[in-house]
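In: predicted model and sequence follow; I will ask about them next.
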Number of protein chains: 2
Amino acid sequence: MNESEYLKTYNKSEFESPIFSVDSVLLTCHEDTLKVLLVERLNHPHKGYWGLPGGFVDLKKDKTIEETAIRKLKEKTGITPPYIKQLMSIGSAKRDKRGWSVTVCYSALIAHENCSVQIDSVSDVNWFPLETALQMKLAFDHKNIIEEAHERLRQKALYSIIPAYTLPEKFTLPELQKVHEIILGKEIQKKSFRRRIELADLLIETGEKQASGKRQAALYTIKEESKEYTFLRNLEG
Amino acid sequence: MNESEYLKTYNKSEFESPIFSVDSVLLTCHEDTLKVLLVERLNHPHKGYWGLPGGFVDLKKDKTIEETAIRKLKEKTGITPPYIKQLMSIGSAKRDKRGWSVTVCYSALIAHENCSVQIDSVSDVNWFPLETALQMKLAFDHKNIIEEAHERLRQKALYSIIPAYTLPEKFTLPELQKVHEIILGKEIQKKSFRRRIELADLLIETGEKQASGKRQAALYTIKEESKEYTFLRNLEG
DNA sequence: ATAATAGTGTCTTTCAGACATTATCTA
DNA sequence: TAGATAATGTCTGAAAGACACTATTAT
């Protein structure tokens, strides 16, 4: 039998395979707090519990698992987050009462302002402070996934400016530093923070200014390449 | 309908789900070269091509996807690698001719000595120098996966001593440095390399010595915790 | 003018890079 | 004892930590 004959007679459902889903941890920064987007489950299992936005691959519509993640996030927030990255996959016999189940998880960041309208209009989607979320009884193993997403973001705050994606397109350096500090749960030396960003040339000064406090701060946008940039030296963990 | 009623009537095959598999990139260092374990495919699709060791979850035997990865590696090498870590997942409509397919990939390291016997005894499993493997026409998107595994290991060589897991349990510092250099494709300053390992207290001196060259080098084993340790400062990329 | 926030100057500290030097082993 | 490899000493340099200082703006 050659390959094309094989493919004609191949029947996928011959082998029992796990339930497969895609979930996302969408994080943002709002009111000086890290928040995570949760969705109230309207169906079994874990009906009534809050959990991560996600679901099954649509074999017709989705071309990749990342598209599945993005599609589900867009359904809930109205927009595609500017930062989305694979976090981890979990698969086990026990994590879902329906049977052997696998989830590929993504971690995404977004500015709160950019999707608050859509979210405010529905009752089954909401931002929760990370701390609150972690104390709730969440669906499946979603608590673990959120913890892992937080830890990974913490690491990134030490060697990149990825946290910038929790801010609007234009932001000030004090705002950016504040987000890093919130993620780290720890203050950072202002000089160190600014020096390394300046040296690595990661931002574009827009020329505009923002009056958040007394003196106005310069507004910046992040360079496209800066998403990939990592500093050779971490800030103090 | 409550949850237990729902679970009774739940039928997994109602929703069409992707083909799901688990694959591993097992790397080792041998003859001053990084090598990857490949398996010749005895069945369609890509029959006759070499590809990564892996396969489907055994819903009865495997409790987690990591167990699936380890089971498959053990079938091929005879042993469980001392280091195995999730690498990435790929899922798309196109990567497998049979249909929408997802693979969770693991990256693992092992000492060549610890599994050469088993591998030498069969013809469909073999170590290939990384360079050679990347020039071969491999099954599926396995070339990309191997490249990603290599890149991730390169990064780890800059901020950890994870490469130690390509060596036998007892190894010398010159051996460890050599492995790092092979992975990086670049020489490292001996003093810098040793200084940071000493300072971070990552190894245990066994007291034994090994005569590889002229002067005998001290033999070390890696501390269990060192698997998790990351230096705050990278070596030069 | 004052107070608050934005932004800079500069000294210290840490640790990697570079490379010379010493130590130990085999032949 | 010579030559090779292992291991250490030490100077330089780059970048983070600490913190004082100046600049700008709303009130």
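Out: That came through, no problem.
In: near DNA strand C, which residues of chain A are found?
Out: Chain A comes close to DNA strand C at residues A:172-174, A:190-191, A:194, A:212-218, as judged by CB under 7 Å from any atom of the strand. Every C-beta, even on glycine, is put in place using the N, C-alpha and C of the backbone.
In: 10 Å instead?
Out: Within reach of DNA strand C by CB under 10 Å from any atom of the strand, chain A has these residues: A:172-178, A:189-195, A:198, A:205, A:209-220, A:232-233, A:236.
In: so how far is stretch A:44-59 off the chain centroid?
Out: Averaging C-alpha positions (CA atoms, centre = their mean, to the nearest Å) puts stretch A:44-59 17 Å from its chain's average.
In: and that stretch, what's its mean pLDDT?
Out: Summarised as a single mean, pLDDT over stretch A:44-59 is 94.
In: cool, and stretch A:187-202?
Out: Mean per-residue pLDDT for stretch A:187-202: 98.
In: in it, what counts as buried?
Out: Burial within stretch A:187-202, assessed by neighbour count using 16 or more other CB atoms under 10 Å in any protein chain shown, is assigned to A:I188, A:F193, A:R196, A:I197, A:A200, A:L202.
In: check contacts around the last one.
Out: Which is A:L202. Applying CB atoms under 8 Å, 6 or more residues apart in numbering or on different chains to A:L202 gives the contacts A:I161, A:I222, A:K223, A:S226, A:Y229.
In: that older thread, tell me which of the residues of chain A next to DNA strand C fall in helices.
Out: Counting by DSSP state H, the members of the residues of chain A next to DNA strand C that fall within helices are A:173-178, A:190-195, A:198.
In: which one of these is nearest to chain B?
Out: Distance ranking of those against chain B, using CB to the nearest CB, places A:S192 first at 12.9 Å.
In: what's the closest residue in space to that closest one that isn't next to it in sequence sitting at in phi/psi?
Out: Excluding its sequence neighbours, the residue lying closest to A:S192 (CB to CB, 6 or more residues apart in numbering or on different chains) is A:L235, at 6.8 Å. The main-chain torsion angles of A:L235 are listed as degrees, to the nearest 10 and equal phi -70, psi 170.
In: wait, A:L235 sits on A:L158?
Out: Yes - the criterion here is CB atoms under 8 Å, and A:L235 meets it with A:L158 at 4.9 Å.
In: find residues that contact each of those two.
Out: Residues touching both A:L235 and A:L158 (CB under 8 Å, 6+ apart) are A:L184.
In: and the lengthiest strand in chain A, how far from the chain's centre?
Out: With DSSP state E applied, the strand covering the greatest number of residues in chain A is identified as strand A:19-30. From the chain centre to the centre of strand A:19-30 is a distance of 6 Å (CA atoms, centre = their mean).
In: next, the angle strand B:19-30 makes with that strand.
Out: With axes from the mean of the first three to the mean of the last three CA atoms, to 10 degrees defining the directions, strand A:19-30 sits at 80 degrees from strand B:19-30.
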